[in-house]
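# no sequence for this one, just the structure:
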């Protein structure tokens, strides 16, 4: 407890000085800065080598904090009461007097927000006088980090401080729901589509064409291990890493299992960790067996399709 308090104080010190800090969430680790600070948020883009047109998700402690910056609707409150805090983000309209940096929104009048569940980050947000802009703590388009070590591997000493909260429990980014006009799911993630659809008037089955990047994770190329990936493979080539959804009776050195018994939630949690292990083992390509496109399988397939381009 004392160690956590000491680390939170360190994080606050750096954040107050417009530095970036690594923070744990239940989804993946984030690269955080004061969302009201032009200087702090600009450092996020520089560290990640992220295009400025790609907006950031802002993390809040509670509704009272959010109301300072955003317009609240009944549709939002319904989803908030069911899923927050948790792995879901919402696209909302900004208030005219919001202090959110234009760097965060790419000068748009909307913003993506969420309320993380991880207790250490919640304690941090509770004592801060501003929300945190925090995309995943990795270089743009690369594999998202699920531990402090992953963040260190990405940035080394370029980040002043990382708040260590252990391994992320969910292991993939938040589901993003737009509540601008008709509600729609913009990015699959830590909450399955069918669970969210129960609370939406129009059921989200189709994919929406992306004209402009409104939220993170909409780029055609994303989550890449920088290794060629082949999908829906039954028999891998001898030199390929083979990613499997469940353990087989006969195992080989190039077999990498996402779960023991075809558990899609477990598989999603292990996806980024497994991609990093394969990369560290210096395989030249990755073959992936067919992943059922239901529940968390949809999220896994979304990430692998973007990573394979």
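It's in. Since the structure is predicted, the reported quantities are computational estimates derived from the model, not experimental observations.
# who's in contact with the helix or strand hosting residue 149?
Following DSSP states H and E, one finds residue 149 within helix 148-155. Applying Cβ atoms under 8 Å, 6 or more residues apart in numbering, the contact partners of helix 148-155 are 22, 24, 29, 31, 47, 137-139, 142-143, 145, 159, 162, 164-165, 272, 276. Where C-beta positions appear, they are placed from N, C-alpha and C, glycine not excepted.
# Now, these that are in helices?
Among those, the ones falling in helices (DSSP state H) are 47, 272, 276.
# Closest to residue 172 out of these?
Of all those, the one with the least separation from residue 172 (Cβ to Cβ) is residue 272, at 7.2 Å.
# sorry, back to before: just the buried ones from the contacts of helix 148-155?
22, 24, 29, 31, 47, 137-138, 142-143, 145, 159, 162, 164-165, 272, 276 (16 or more other Cβ atoms under 10 Å).
# Helices of the stretch 51-200 of the chain, residue ranges please.
Under the criterion DSSP state H, counting those that start in this stretch, the stretch 51-200 of the chain carries helices at the ranges 63-66, 74-83, 102-105, 119-127, 148-155, 193-197.
# Mean neighbour count and distance to residue 245 for those helices - can I get that in TSV?
Conversion of these to TSV gives the following (neighbours: other Cβ atoms under 10 Å; distance: least, Cβ to Cβ, whole Å):
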stretch	mean neighbour count	distance to residue 245
helix 63-66	16	38
helix 74-83	15	26
helix 102-105	20	37
helix 119-127	18	31
helix 148-155	19	22
helix 193-197	16	19
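# Please report how far residue 224 lies from residue 121.
26 Å (Cβ to Cβ, to the nearest Å).
# Please enumerate the helices of the stretch 201-309 of the chain.
Listed in chain order, the helices found in the stretch 201-309 of the chain under DSSP H, counting those that start in this stretch are 264-280, 296-307.
# nearest to residue 184, of those helices?
Go through the helices of the stretch 201-309 of the chain one by one with Cβ to Cβ and the one that ends up closest to residue 184 is helix 296-307, at 14.9 Å.
# Neighbours of residue 248, how many?
Around residue 248 sit 11 other residues, with neighbours defined as other Cβ atoms under 10 Å.
# got it, and the one 10 residues further on?
Using other Cβ under 10 Å, residue 258 has 24 neighbouring residues.
# how's the protein carved up into domains?
What the record gives for the chain is the domain set 2-197, 229-307, from automatic domain parsing.
# Nice, that's everything, thank you.
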